[in-house]
Structure formats: structure tokens, C-alpha cells
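Participant: Provided below for reference: sequence and predicted model.
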There are 2 protein chains.
Amino acid sequence: MPSWLNDPIAAPSASHVEDARRRQDQLTKPAGSLGRLEDLAIRLAGLQRKHRPTAERVRIVVFAGDHGVTAAGVSPFPQSVTLEMIRNFSRGGAAISVLARQLRAVLEVVDVGAAGDPGPLPGVISCRAGAGTKDFRAHPAMDREELRVALQAGADAVARASQTGCDLFIGGEMGIGNTTAAAAMVCALLRQPAILIAGPGAGLNPAGVTRKAEVIDQALAHHGKHLRHPLEIMAAVGGFEIAALTGACIAAAQRGLPVLVDGFIVSTAALAAVQLRPEVLPWLIFAHQSAEPGHQAVLKALGATPLLELGMRLGEASGSAVAVPLLRLACALHAEMATFAEAGVSTAE
Amino acid sequence: MPSWLNDPIAAPSASHVEDARRRQDQLTKPAGSLGRLEDLAIRLAGLQRKHRPTAERVRIVVFAGDHGVTAAGVSPFPQSVTLEMIRNFSRGGAAISVLARQLRAVLEVVDVGAAGDPGPLPGVISCRAGAGTKDFRAHPAMDREELRVALQAGADAVARASQTGCDLFIGGEMGIGNTTAAAAMVCALLRQPAILIAGPGAGLNPAGVTRKAEVIDQALAHHGKHLRHPLEIMAAVGGFEIAALTGACIAAAQRGLPVLVDGFIVSTAALAAVQLRPEVLPWLIFAHQSAEPGHQAVLKALGATPLLELGMRLGEASGSAVAVPLLRLACALHAEMATFAEAGVSTAE
């Protein structure tokens, strides 16, 4: 497997964390009364090695790929929607397009393997590992070379973010059928039965969810002896965009770039990254508890409590995008509030 | 009591709600996948009677007042902090000062009765009902004229917001001891024992919370027969800033201005407003579930689930401020996303 996956990952700066914690206790408010906003500022100080962390320069990269398993009827939407949505991202009409504009964030779309090649489009980068994955009911979703290309697509996106200056990296995904691939991965990564992990995705009814769980269980039985390692699991039942997100999580930690993790699919990619490289975990800030039921199992395995729970289940990094203002406000409070001494305010007795 | 409290309150526009709901179902996303952001846009459309609601022009008014009951030792902070914090608001060093700047919101501070008169300060309006309330262990917190002035201070703040153009009104509070007054009000409004409602406020230890609950129970026993009506309860154990917030909630509903409700204190004022005028409730959007335990009882009584739960317990409208970006993003998504037809994206089968 690509040797860069084993490149070193630094720990967050304990001295910056300690300094930020001391400052929070001197600001004009009862100690701890800003709750998780205090924790966010303190964590970001340690990750960015800054006394005044920032979340102004945000890079959002949406990885898009298709899934052979859609042939099993696991999504209410046709596969063509992945390509149609790539065009919608490019023209600025998708949810994440709107959110990125509002947040003054850079939005990049990476085609890591839609079934059809969209050709050159503004804001879309082509890093195609293939024309969609194979149907994992009968075949591995991808071969080793396709997996390598997809992981590299994630690392390359992080490199571009890092080179242009970036306080916070956000990965997102688009791919009809990818809640099925992610659920299959979670079942294999956490050794859970599919009926506990599979969910409605883009809108399956209960009978559809049951069918989806059967598809996953049968596929996992088929691939049984090739599910010992996270990258084997990725190749067997994963997806190009999921592999790219796993590569992006590892590369971001290697470059010292905090990652704001979106919902079920991105968290599954993050789980694979943490199983490969446990040092990735401190670099991940979890944004939103998805309505997709499998997300809870992933978050529990990672010991994570997301910042928001708004019932969203769209993907596209939308859950992360919505949490960006919280990080910005946390940083502004940390940097700009007066201390008790500066303001001449009496402290608690 | 002031006759304006009985002025008419319109219902939100059902046709705008219906139109917004239809639009949400045509946007390029699985139906319902933006969760509570969809609900927010739909509600705001009905409240603002606009097809494209907005939350750009935000007015934050922090009402400050002091509490005679601080003599009972119910806060770890000295009473002087209320005045010191008014100065801190004015100089821009408080949490809400920072948040308002970040949000490009107008911040106004109304001194509705700090113990000491701060005199003229930039950004601070003087509407003093008195020099702090009386100690409600032995006296009514305020008399009828003080209550009238405080309610009017809230209505006047809403009138100023409305005259300068405002999409969203946010009320906040500052007042050492005001979690004790609010807890006493909640006990009387909802007929709950103080031990279930009183909390640590700005940082009491468990013994302090027990003492606070005893103070409240004794005061409620003392005022027993004068606790039949929300305004009697306000006068007996409330606070000037709480009364102003109750007046503001009613006046905002009368003017058709949505209110983003902060934590425990503001929600208590909102509860009194809803008990006085049930038609106020649809105009209230609840922002943040406070860490203060009594907040849950108030929210349950109002059937409300706040947007955020970040462990904040600061007051100053900080919980509402942090939720403003969610409303803005919800409005932007509603206005700017492409429909399936516009984007040429296939719909679910």
C-alpha cells in the first residue's frame, strides 16, 4: 500500500492547549460558561499551534464517485444523479455551493470516479480511479491500483489546501449508493450486523432498508476472508470517494491541518483512517450527528460527540459547513473578549 | 396593567408556510435531508410573510438589572459585576460584544435597573425602573409602577428595532442573581418545587444550589397568595430585565417580528409572555438548550426543542447569537439552491 500512509503525524501542541485554557479562565464570563465553544478554541489552539487560532480560511472538497452496488436497487435515486450533481456543484446550485458561498470558503469538487466522465467543468478536478466501483455483491468494489489512485486523490486535495493556506479542511462526498458502501464498511470495521447499521440513506422505506441490510450481509459473507485490514475492507466494499476521504484525513493530520468531519460517510472514512493510523483522531473535529442510524455506531467507536444535531442527512459536507460559524465564533471569543483585569470586572468570590 | 399588552397578535402566514414547504421539496436534495434547516426557512417564511425569508438584520438587546435577593448569597459573584459588565458591554469586551461584531448585528444595552446608575455610556440606553429589585425574601421584588416601566423598556426596545428595519429580534440579559429570580418565577408559573428548578447559575457548588432552592421556597411561601397571575409572579419574585424581556416578546409578536430566544432567563420571560398571551408562542424560535437545569422544565412547558446544545450557560443572549448563522444559512439555502428542474437533476423513483 502507498508508503505515504505511514508518514509521521505530530501530536497537537500541549503547551498551546494549556495556554489557551488559562486564557479562557481569565475572560469576563463565569468559568466554563461558554461550554463547547471554549473547548473548540482550546483544541484549535493546540492543533494550529497558535495562541489565537482561526477558522477563516476554510477549504471544502467534495469527492464524487459511483457505486456498482446501486444495481441492487439500494437507492431511490438513479445512478445518473451523481454526474448531474457534479454539474450542479459546478454551476453553484447545490446545497454545498450555497453554503460555501455564504461561508466565503473555497469549494472544490473532485471527480474520483463517477460512472460517466463529466469532462472539464469549472471547479471540478478529475482524479478518476475508474468509472464507478464494481458491484460488490459479486466482485471487489475496486482493485489495488484503483484504491491507490483514490487514496492519492484525497492526499492531493489536502496538499492543494495546504499550499494555498488553510485553517480548516472539510471533506464531503456525493455518490448514489454510498450509504450502502459506508454501511458495509462499518459492519466490517466494527464487526456489527448490517441491520444495526443500514439506514434509509437518501430516502428508502423500511422494506428498502431491510433489503439493503441483506445486500450488505451477503456481500460481507462473500468477501469474508478479505476483510481483515481497513484497506482490504475499503477495496472489497468501499467506494472511491470514501477512500479519498480516508486518504485526506491521514494526509491532513500529517500536514497538521484540522479536519471538520461531516456525517455518516465521512465519519466512516475517518474511522478507517483512525484504524490505520490512531494518531489521526486528535485532528478530527466532529460537526454533525447525522440522522442516518449507522452514524451513532461510528461516533461511539471514535468516542466523538458532534457539535450539532439538526436532523440533516444530505452529505456534500453540508453538516460540516453548517458548523463552521461555531468554530469562527469560538475563535473570535477567544481572541477578542476582555479579561477580568482588562475590563475591571470583579471575579467570583 | 399596561393596556398595550392586550394589543392584537397576528398568526404566521399559512400560505407562505405552504409555499416555502413546496419549494423545499423541489430543491436538489433528498426530501427532508436538510432537517431542521428546512423547518427554520419554512417557519421564517410564515413569520416574515416572505417567499425568501432573511436573517441578515439582527438586533440584539441586552437588558441589565440587579436583584435584591443577592443579599442571600445566591451568586458567587458580587452585585457590582452587573454594573461592571454594563461598562464591559459598552467598551466591546464582553462575549456578546464579540459575537455581535462577528454577526454584524446591532447590539444595544438597556439599563433597566442596575443597583448603581452607570451614567451615560456609548451603546447603553437608560430605562431604569429602580436601583435594583428589593430582596424578595421579605418584599415584593418590584411595585406596579416599576413593573410597568420594565415591561415598557422591552416594548420600546422592540419599537426601536422595528423602526430601523429588523429581520430577527434577540433579547438577552445581565444581572447578578437573576437565575434565582428566574427559578423562583418558573416554580410559581409551573408549580414546581425549587429543588427541581434551581441550578448553579454562574457557578454555585451543590451546597449553594440547595441553599438557593431553600431561599426560593421560603420566598414563594411568603408571597403565596400573590402568585396567581404571571404579572403578580413577576412583581413578587421577578426582575426588571426579566420583565423587560417579557414585554419584548409580546411587543415583538404584536409587530410581527420573530424572536430568537436565548437560554434559561430569557425562556422564563418568554414563558410568562406565553402564559399572558398564548399567541406569542409561534413567534419564538428557541436557540440553545442551557446547561442550567431549570431550562428543561421551561422548554417542556413550551413544547420547544432548541437548535443548539453546546453546554453554554452565560446569558447575555450568547446562546441566541451563536444560533444566528444557522438561520442565515437556512435562509440562503432556501433562496439560492437550484430546483431539480432548473439543474436537470433526476428525482427519486
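Facilitator: Structure received. Residues are numbered from 1 along each chain as shown, chains lettered A, B, ... in the order given.
Participant: At the geometric centre of chain A, which residue sits there?
Facilitator: To find the centre residue of chain A, average its C-alpha atoms and take the closest one (Cα atoms, centre = their mean): that gives residue A:266, at 3.2 Å.
Participant: Any chance of the backbone angles for it?
Facilitator: phi -70, psi -40 (degrees, to the nearest 10).
Participant: Can you get me a residue count around residue A:139?
Facilitator: The burial count assigned to residue A:139 is 15, neighbours taken as other Cβ atoms under 10 Å in any protein chain shown. Quick note: C-beta positions are derived from backbone N, CA and C, even for glycine.
Participant: do the same with residue A:179
Facilitator: Residue A:179: 30 neighbours (other Cβ under 10 Å).
Participant: Roughly how far does it sit from chain B?
Facilitator: 11 Å (Cβ to the nearest Cβ, to the nearest Å).
Participant: same check, this time on residue A:32
Facilitator: 8 Å.
Participant: mind listing what that residue touches?
Facilitator: By Cβ atoms under 8 Å, 6 or more residues apart in numbering or on different chains, residue A:32 lies in contact with A:38, B:203.
Participant: same check, this time on residue A:255
Facilitator: For residue A:255, counting by Cβ under 8 Å, 6+ apart, the contacting residues are A:158-159, A:162.
Participant: same deal with residue A:33?
Facilitator: Counting by Cβ under 8 Å, 6+ apart, residue A:33 has contacts B:202-203, B:312-314.
Participant: of these, closest to residue B:344?
Facilitator: residue B:312 (43.6 Å; Cβ to Cβ).
Participant: so how many other residues sit close to the closest one?
Facilitator: 27.
Participant: what distance separates the start and the end of stretch A:67-83?
Facilitator: Across stretch A:67-83, the terminal residues are separated by 12 Å (Cα to Cα, to the nearest Å).
Participant: Enumerate the residues of the stretch 201-349 of chain A near chain B.
Facilitator: Within the stretch 201-349 of chain A, the positions lying close to chain B (Cβ under 8 Å from any Cβ of the partner chain) are A:202-203, A:291, A:307-314, A:318, A:321-322, A:325-326, A:328-329, A:332-333, A:336-338, A:342-349.
Participant: does residue A:45 really touch residue A:16, like I thought?
Facilitator: Yes - contact criterion Cβ atoms under 8 Å: residue A:45 and residue A:16 qualify, at 4.6 Å.
Participant: Could you pull out the strands in chain A for me?
Facilitator: A:58-65, A:106-113, A:124-126, A:168-174, A:259-261, A:284-286 (DSSP state E).
Participant: Report the inter-axis angle for the first one versus strand A:106-113.
Facilitator: Between strand A:58-65 and strand A:106-113, the angle formed by their directions is 20 degrees, by axes from the mean of the first three to the mean of the last three Cα atoms, to 10 degrees.
Participant: Is there proximity between strand A:58-65 and chain B?
Facilitator: No - on the criterion Cβ under 8 Å from any Cβ, strand A:58-65 is out of touch with chain B, staying 13.1 Å away.
Participant: Paired strands for that strand, with orientation please.
Facilitator: The pairing partners recorded for strand A:58-65 under DSSP bridges are strand A:106-113 (parallel), strand A:168-174 (parallel).
Participant: How many residues are close by residue A:24?
Facilitator: Neighbour number of residue A:24 under other Cβ under 10 Å is 21.
Participant: That one: what's it in contact with?
Facilitator: A:31, A:34, A:38, A:41-42, A:334.
Participant: Also residue A:330?
Facilitator: A:34, A:37-38, A:40-41, A:44, A:55.
Participant: one more time with 6 Å, if that's ok
Facilitator: A:37, A:40-41 (Cβ atoms under 6 Å, 6 or more residues apart in numbering or on different chains).
Participant: Mind checking which of the residues you listed are buried?
Facilitator: A:37, A:40-41 (16 or more other Cβ atoms under 10 Å in any protein chain shown).
Participant: sorry, back to before: with neighbour numbers in mind, choose between residue A:45 and residue A:16.
Facilitator: residue A:45 (26 against 20).
Participant: domain ranges for chain A?
Facilitator: A:8-52+A:334-343, A:58-326 (automatic domain parsing).
Participant: From residue A:64, how far off is the closest residue to residue A:120 other than its chain neighbours?
Facilitator: Of all residues not flanking residue A:120 in the chain, residue A:126 sits nearest, at 7.7 Å (Cβ to Cβ, 6 or more residues apart in numbering or on different chains). Going from residue A:126 to residue A:64 by Cβ to Cβ, to the nearest Å gives 11 Å.
Participant: ok, now residue A:224?
Facilitator: 30 Å.
Participant: So which of those two has more stuff around it?
Facilitator: Remark: of residue A:224 and residue A:64, residue A:64 carries more neighbours, 27 against 11, as counted by other Cβ under 10 Å.
Participant: Could you count how many residues lie near the residue of the stretch 151-300 of chain A found nearest chain B?
Facilitator: Taking Cβ to the nearest Cβ, chain B has its nearest neighbour within the stretch 151-300 of chain A at residue A:202, 4.1 Å off. A count of neighbours around residue A:202, defined by other Cβ under 10 Å, yields 22.
Participant: Spatially nearest residue to it, not counting backbone neighbours?
Facilitator: residue B:30 (4.1 Å).
Participant: you'd agree that neighbour is up against residue A:203?
Facilitator: Yes - counting by Cβ atoms under 6 Å, residue B:30 touches residue A:203, with 4.9 Å between them.
Participant: These two: which has the busier surroundings?
Facilitator: residue B:30 (19 against 15).
Participant: Just give the number of residues close to the residue lying closest to residue A:289 once chain neighbours are set aside.
Facilitator: Spatially, and ignoring its direct neighbours in sequence, residue A:289 is nearest to residue A:309 (4.1 Å; Cβ to Cβ, 6+ apart). Residue A:309 has 17 neighbouring residues, counting by other Cβ under 10 Å.
Participant: Kindly report the same for residue A:145.
Facilitator: For residue A:145, using other Cβ under 10 Å, the count is 10.
Participant: Same check on residue A:270?
Facilitator: Using other Cβ under 10 Å: residue A:270 sits among 28 other residues.
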